[in-house]
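this is the structure alone, sequence omitted:
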């Protein structure tokens, strides 16, 4: 009888222990996978294969959006390309010019212009009828009017002043408006390898 009483006490305790242990093991495993993934990214970066690391890490975009939003997939791919360009040039910006007459606080680098070209060519190739407003082209030639047509709005290096001074607080920002309403946005931080995607109506 004493044994059955003990079993009756220990059985729920064992169940409770399992309920606590399983989530804890899951958390530990997820943390270990995250660290392993980051370590792989570092190794690939050292081998000159950083683009592979970025693409592999952000495959979730394809799983989430699939074929339902080709615009998102194109924007993400272009943001990753621009981010790789930023990493390759960070600390080696070369010539820096300044926007506007006598301005000393709004720099533009060759990397800004190269990133904008990457996005322009990619958008025109994928969506030839879409309009595009780029920060650097707009600064040079004036801001075009935003119409109801599908329009991409691009900041090739959001935080150029930080980029110029070697501060990693700078990102690639790509958005799209339809009917003058923002419908998607992609922000990529190449230094932290963090990607943020938002789509109207889908979070």
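Perfect, thanks for sending it. Because the structure is predicted, anything quoted here is derived from the model rather than measured.

show me what residue 132 bridges to in the sheet.
With DSSP bridges applied, the residues forming beta bridges to residue 132 are residue 152.

now residue 188
According to DSSP bridges, beta-bridge pairing links residue 188 with residue 172, residue 195.

look up how far residue 152 lies from it.
Applying CB to CB, to the nearest Å, the value for residue 188 to residue 152 is 15 Å. (Each C-beta comes from the backbone N, C-alpha and C, glycine too.)

do residue 181 as well
With CB to CB as the criterion, residue 181 and residue 152 are 14 Å apart.

neighbour count winner among these two?
residue 152 (24 against 9; other CB atoms under 10 Å).

residues contacting that one?
Contact analysis of residue 152 by CB atoms under 8 Å, 6 or more residues apart in numbering lists 75, 119, 123, 130, 131, 132, 133, 174, 175, 176.

any idea how many residues pack against the spatially closest residue to residue 158 that is not a sequence neighbour?
Distances taken as CB to CB, 6 or more residues apart in numbering put residue 173 closest to residue 158, at 4.3 Å, once the chain neighbours are dropped. Other residues near residue 173 come to 20 when the count uses other CB under 10 Å.

could you do residue 163 as well?
Residues contacting residue 163 under the criterion other CB under 10 Å number 25.
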